[in-house]
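Novice: Here is my input; please provide its structure:
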Amino acid sequence: MALDGGNQSNGTVGYSFAEKGDAFWFALPLPSNASGKDLQVVGAEISDLPEGLEVVRYGAFDLNDTEGIPLLLRDGDPGNPEFDQIKDHSQGFTVKARKLSDYVYMAKLKVTGKVEKNGTSCRYHYRQGGETYKQSLRCSFSIRLKT
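Specialist: As a prediction, the model looks like this:
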């Protein structure tokens, strides 16, 4: 498999004071192309979304527009990027051979109820050399309601 999730696949990001109805933007692991051929990312998703959360949308954003990798942000907090106003590149973007992506895939999550488990896995869809692939990467996050 061509993708590597790097350091972002090693830890868990979290928020412990959520309220029902809050929305969060979670950064999926930044795709790194470990192969010798360019690839085109054509989709990504959280593959084990915990009960109590729903995905409102996915988007892929230029790191220059997000000022880096925003790991987990509450939507609408001051100083956060306004993702709904930033150009979305989720139709597809290229990751050069042996390079880190210039685009971060984000999931907008809405809290719909009590969340008791962490999300731990994301799946990327990409094309390389005329073939289409799906690859899972570890991506751990924890969102809990305030008590």
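
Novice: What segments of this protein are helices?
Specialist: Along the chain, counting by DSSP state H, helices occupy 63-66.

Novice: how far is the lowest-mean-pLDDT helix or strand in it from where the chain is centred?
Specialist: When each helix and strand of the chain is scored by mean pLDDT, DSSP states H and E, strand 3-4 comes last, with a mean of 72. Mean C-alpha position of strand 3-4 versus that of the full chain (CA atoms, centre = their mean, to the nearest Å) differs by 14 Å.

Novice: Give me the residue ranges of this structure where confidence is low.
Specialist: 5-10 (pLDDT under 70).

Novice: hey, where'd the strands end up in it?
Specialist: 3-4, 12-18, 23-27, 32-33, 39-46, 53-62, 72-74, 93-95, 103-111, 119-128, 131-145 (DSSP state E).

Novice: any idea of the angle the fifth one forms with strand 23-27?
Specialist: Counting by axes from the mean of the first three to the mean of the last three CA atoms, to 10 degrees, strand 39-46 lies at 140 degrees to strand 23-27.

Novice: by contact count, what packs against strand 39-46?
Specialist: strand 53-62, strand 93-95, strand 103-111, strand 119-128 (3 or more CB pairs under 8 Å, 6 or more residues apart in numbering; DSSP states H and E). Every residue, glycine included, has its C-beta placed from N, CA and C.
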